[in-house]
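1. Pasted the sequence and its predicted model underneath.
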Amino acid sequence: MTAPSRPPSVDTLARSLSASGLPHPILVDIARAAIDAGDVESAPARADAFRRTLLTPVVNATGVLLHTNLGRAPLAHHQDAAAQTVEFDLASGQRGSRQAAVGQLFARLCGAEAAMVVNNNASAVLLVVAALAAGRDVPVSRGESVEIGGSFRVPEVLQQSGARLVDVGTTNRTRLADYATAIDRSDVDAAIVLKVHPSNYRVEGFVEDTSVADLATLDVPVVADIGSGLIDAHCPWLPGAPPAWLAGEPAAVQTLADGADLVTFSGDKLLGGPQAGIIVGRADLVDPCLRHPLARALRPGGLVLGALQQTALTYLDRRVVADIPFWKMVATPLADLRTRADDIVTAVVDRHPTARVEPSEALPGAGSAPGVTMPSVAVVVDGDVLEPLRRHSPPVIARSRDQRTALDMRAVDPSEDRVVIDALLGPR
């Protein structure tokens, strides 16, 4: 009888997987697992499966421009491996504030006295309430006491901040008189009024809410969490009028002009920058946020500050459509999307005889402008081909329904069209 062949050594098998690009210690783990399972031949597949668990660039053909699962706003940012003045004042030669550089730019951009940055908008709300209202009361409309993704609940944020939530009005109707009555109660010590943009849902029908302008007539500061990070409702960086789908979306410039004392918003949504939370408004209210102990725990690092600085400078230079991918997607004419989609269909029709171009509706995404869409164009093929599209390198993420797969073109950069074609054609 022929003796069974011995499996390769762990090191030999690991070295045979080097083309995967994974570090050798990871390949050793994979080789050992394959040998232990008595399935040496599975090692390459195991290495590929592990590689696909890592953060991977993908083509977003879902039609959701700010896709939370895909990192929200796409952003290209590079900085050299060099020391930078994160907390150094060049004028004095002394230690400076990491908030100074970016803070002054966002204050200028929003028409505010001061600004600061933390690591996301939930942190911004938490810090503001902790710094201004710990141990005191914060009136919030019942219609705005919401959960916005990732279990971010307004009541729980207030609880963690040390403030006390005072429910105002009802779920569908809250008037200025409801706030005034709550503030005047003998058992209420209102430090601020918090207005929260619901972001990812909308109540319609028999509804009423109180504007920031009306809230500004009260005797306590108004903090407005506008969520999505639209800087200016007039969108001066776009040619022509603002897009119709932005109607009703709160913007920082107008919210401050209406009388909000502080405004908080995200950096990686409609702003189109990195994940961050931005606080803008009165200097005497930003200052206690800067000095609060939580500010250090929530502060961003140099990479985020550098990316935010570049984003702010891009807005101030009016280079938004050219340099910020989200707004480039928004501004792309429908005719251009259709031309590109036609070219993709022509390239893949032999492999997918049912390939065609159809009208589509893209979404801003990430809780921005809930319930609204923008016109787009999709490449559609019969059948569910999501899995082979994901297996392509780089993966293409699309959507499928009723045995038809649609690849929306609005979030696909023109440089990625060839990737979409190759993914649809499959292995050769």
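-> Received the coordinates, thanks. Numbering: from 1, shown residues only.
2. For stretch 55-73, list every residue counted as buried.
-> 58-67, 70-73 (16 or more other Cβ atoms under 10 Å). C-beta: built from backbone N, CA, C; applies to glycine.
3. My error: substitute stretch 243-259 in the last question.
-> So, applying 16+ other Cβ under 10 Å, buried residues of stretch 243-259: 243, 245-246, 249-256, 258-259.
4. Pick the one among those residues closest to residue 378.
-> residue 245 (17.5 Å; Cβ to Cβ).
5. Would you mind measuring from that closest one to residue 330?
-> Remark: distance between residue 245 and residue 330 (Cβ to Cβ, to the nearest Å) = 9 Å.
6. do residue 134 as well
-> Taking Cβ to Cβ, one finds residue 134 at 40 Å from residue 330.
7. still on that earlier bit, restricted to strands, list the buried residues of stretch 55-73.
-> 59, 60 (DSSP state E).
8. Same list (the buried residues of stretch 55-73) but as CSV, adding distance to residue 33.
-> Shown next, in CSV, are the buried residues of stretch 55-73 (distance: Cβ to Cβ, whole Å):
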residue, distance to residue 33
58, 27
59, 31
60, 33
61, 34
62, 33
63, 38
64, 36
65, 39
66, 38
67, 33
70, 29
71, 30
72, 35
73, 38
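9. re the thing from before, who touches both of residue 245 and residue 330?
-> residue 374 (Cβ atoms under 8 Å, 6 or more residues apart in numbering).
10. burial measure for residue 105, as a count.
-> For residue 105, the count of nearby residues is 19 (other Cβ atoms under 10 Å).
11. tell me which element it is part of?
-> helix 100-110 (DSSP states H and E).
12. what's the answer for residue 170, then?
-> Using DSSP H and E, no helix or strand contains residue 170.
13. Can you give me the distance of it to residue 402?
-> In terms of Cβ to Cβ, residue 170 sits 39 Å off from residue 402.
14. Can you pick out the residue with more neighbours from those two?
-> Taking other Cβ under 10 Å, residue 170 and residue 402 do not tie; residue 170 has more neighbours (14 against 6).
15. Could I get the full set of helices for the stretch 201-350 of the chain?
-> Secondary structure of the stretch 201-350 of the chain by DSSP state H, counting those that start in this stretch: the helices cover 212-215, 252-257, 283-291, 293-297, 302-316, 320-323, 325-331, 334-348.
16. In JSON lines: those helices, plus mean pLDDT.
-> Converted to JSON lines, those look like this (pLDDT from 0 to 100):
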{"stretch": "helix 212-215", "mean pLDDT": "96"}
{"stretch": "helix 252-257", "mean pLDDT": "97"}
{"stretch": "helix 283-291", "mean pLDDT": "98"}
{"stretch": "helix 293-297", "mean pLDDT": "95"}
{"stretch": "helix 302-316", "mean pLDDT": "96"}
{"stretch": "helix 320-323", "mean pLDDT": "94"}
{"stretch": "helix 325-331", "mean pLDDT": "94"}
{"stretch": "helix 334-348", "mean pLDDT": "98"}
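17. Any idea which of those helices gets closest to residue 358?
-> helix 334-348 (8.7 Å).
18. contacts for stretch 176-194?
-> 125, 128-129, 132-133, 136-141, 144, 154, 158, 163, 166, 168-169, 210, 214-215, 217-223, 225, 261.
19. Now, of the residues you listed, which are buried?
-> Buried, going by 16+ other Cβ under 10 Å: 125, 128-129, 132-133, 136-141, 144, 154, 158, 163, 166, 168-169, 210, 215, 218, 220-223, 225, 261, out of the contacts of stretch 176-194.
20. count of neighbours near the nearest residue to residue 237 once chain neighbours are set aside?
-> Residue nearest to residue 237 in three dimensions, not counting chain neighbours: residue 320, with 3.6 Å by Cβ to Cβ, 6 or more residues apart in numbering. Residue 320 has 23 neighbouring residues, counting by other Cβ under 10 Å.
21. Kindly report the same for the one 4 residues further on.
-> Neighbourhood size, residue 324 [other Cβ under 10 Å]: 23.
22. coming back round to it: hang on, the residue nearest to residue 237 packs against residue 314?
-> Yes. If you go by Cβ atoms under 8 Å, residue 320 and residue 314 touch, sitting 5.9 Å apart.
23. Run through the strands of the stretch 101-250 of the chain in chain order.
-> Along the stretch 101-250 of the chain, counting by DSSP state E, counting those that start in this stretch, strands occupy 114-118, 137-141, 164-168, 193-196, 222-227.
24. a markdown table for these, including distance to residue 273 and mean pLDDT?
-> Output for the strands of the stretch 101-250 of the chain, formatted as a markdown table (distance: least, Cβ to Cβ, whole Å; pLDDT from 0 to 100):
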| stretch | distance to residue 273 | mean pLDDT |
| --- | --- | --- |
| strand 114-118 | 10 | 98 |
| strand 137-141 | 28 | 94 |
| strand 164-168 | 31 | 92 |
| strand 193-196 | 22 | 94 |
| strand 222-227 | 15 | 95 |
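25. how about the ones you listed, which one is nearest residue 43?
-> Relative to residue 43, the nearest member of the strands of the stretch 101-250 of the chain by Cβ to Cβ is strand 114-118, separated by 44.3 Å.
26. what sits up against the closest one?
-> With Cβ under 8 Å, 6+ apart as the test, strand 114-118 has contacts from 99, 102-107, 124, 127, 267, 276-283, 286-287, 289-290, 295, 298-300, 304-305, 308.
27. what's downstream of the longest strand along the chain, the next helix or strand?
-> The longest strand of the chain (DSSP E) is strand 374-382. Sequence order places helix 386-391 as the next helix or strand after strand 374-382, per DSSP H and E.
28. Neighbouring strands of whichever helix or strand comes after that next one in the sheet, and parallel or not?
-> Next helix or strand after helix 386-391 toward the C-terminus (DSSP H and E): strand 396-397. If you go by DSSP bridges, strand 396-397 pairs up with strand 59-60 (parallel).
29. gap between the strand it pairs with and the chain center?
-> Centre-to-centre, strand 59-60 and its host chain are 15 Å apart (Cα atoms, centre = their mean, to the nearest Å).
30. State the mean pLDDT of that strand.
-> For strand 59-60, mean pLDDT is 97.
31. So which residues make contact with that strand?
-> 67, 70, 74, 394-397, 411-412, 416, 419-420, 423.
32. Relative to residue 191, how far out is residue 129?
-> 9 Å.
33. swap in residue 305?
-> In terms of Cβ to Cβ, residue 305 sits 29 Å off from residue 191.
34. out of the contacts of strand 59-60, which one sits closest to residue 229?
-> For the contacts of strand 59-60, the nearest to residue 229 is residue 74 (15.0 Å; Cβ to Cβ).
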